[in-house]
Structure formats: C-alpha cells, structure tokens
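Asker: Output the structure for:
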Amino acid sequence: MKRILKRTLDFLFWLANLIEKRVPKAKRLKPLQVIKTFADSVKLEMDLRFEAAAISEMLQNFEGDDEFRVPKIYWDKTARKVLTTEWIEGVSIYDIEELKKKKFDLEELARKLASSMFRMVLRDGFFHADLHPGNLFVDKDEKIVAVDFGITGRLDKKHNSF
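Answerer: Purely as a prediction, here's the structure:
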C-alpha cells in the first residue's frame, strides 16, 4: 500500500508541476499546494492512532445518546497500523429494503441522522466528515452507528459560536 501511495503521490506532484508550468491560468489554483495538502492529509490518515483518537473524542461526545452511537475503541489492541474497535451489528443505512423489512421508520432515521450531525457540528464543533451511506448503520435499538472516522472536521471557537 505504501509503495502504491508513494507512486500515486509522485505522479500527482509531477502532474501538478506540469500544469503550473504549461497552463498559466491554472497557476492561480495552486495545484502543487493542493497536492501537498492532500499528501500531508493522507500521511496523517495512514496513522490509525489519529483515527482512534477521533473515535474516542466522538465516543465521549455521544456517551449516553439515544440516537447516535460510536463504536468503542480498544486502545490496547490499536497501533499505528492497526485499529481495533468493537464489532458493529446493524443494517447499512444504504439498504432501504432491509430497513423497511425490519420495520424501521425511515423518516425517524433521517431525523436522527440530521439531528446527530447538527449536534456534532453545533454542540461539539467536532464532526465526522465522511458520513456517506457506506459508513452508517442502524443497530437493533434503531440508533445510527457511524464507522470510519479517518476524516473528521473541527470548527474553531470563531466559527462555532452557537
């Protein structure tokens, strides 16, 4: 994986450099800067301890919540290249037919998801920034369960004045 990532980043840097040299109008978009930012982000994301820390923070923020759940992290089994969380049992939020079959209220699930996202952003200023259907499940208690906390966001005090 490291070798593939390095080759991909090398190619992207080469391409961005070429664009900056050959397409004068594109220089204002700062392609090299964009690829550098991307490369720095990817390097951080490859250290799974950062994802574990994000999970831990989100877990604390939603402790005791009736609508949204975060898997527990097992720190004693987590390292730079290994992330260990509790096993999640649930139905993918993408599987509408299965959710209907289990008699889950789809409108209520949508409300719970929106409400949970607002709490992340407005209450905590820290949010899961990759909440696509592949990262969301519904457990037997009809709680939304999120996985894959590799991409999170944070609002600073200036932008989170709620």
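
Asker: What's the first helix or strand after the top helix by length along the chain?
Answerer: Counting residues, the longest helix in the chain under DSSP state H turns out to be helix 2-22. Sequence-wise, the next helix or strand downstream of helix 2-22 (DSSP states H and E) is helix 31-45.

Asker: Now do the same for S161: its pLDDT.
Answerer: Note for S161: predicted pLDDT of 59.

Asker: circling back to that earlier point, which helices and strands does the longest helix of the chain pack with?
Answerer: helix 31-45 (3 or more C-beta pairs under 8 Å, 6 or more residues apart in numbering; DSSP states H and E). In short, each C-beta sits where N, CA and C put it, glycine included.

Asker: And the helix it packs on, how far out from the chain middle?
Answerer: 17 Å (C-alpha atoms, centre = their mean, to the nearest Å).

Asker: so after it, what's the next helix or strand?
Answerer: helix 48-61.

Asker: Okay, now the sheet partners of whichever helix or strand comes after that following helix, with direction.
Answerer: Sequence-wise, the next helix or strand downstream of helix 48-61 (DSSP H and E) is strand 68-69. The strands beside strand 68-69 in its sheet (DSSP bridges) come out as strand 144-146 (parallel).

Asker: Now tell me what touches the strand it pairs with from outside.
Answerer: 58, 67-71, 88, 90, 93, 109, 112-113, 116, 128, 131, 135-139 (C-beta atoms under 8 Å, 6 or more residues apart in numbering).

Asker: now with 6 Å?
Answerer: When contacts are defined by C-beta atoms under 6 Å, 6 or more residues apart in numbering, strand 144-146 is touched by residues F68, R69, I88, G90, K112, L113, S116, H128, N135, L136, F137, D139.

Asker: Could you check that strand and say which residues are buried?
Answerer: I144, V145, A146 (16 or more other C-beta atoms under 10 Å).

Asker: Count the neighbours of the closest residue to L12 other than its chain neighbours for me.
Answerer: Of all residues not flanking L12 in the chain, I35 sits nearest, at 4.8 Å (C-beta to C-beta, 6 or more residues apart in numbering). When neighbours are counted by other C-beta atoms under 10 Å, I35 registers 19.
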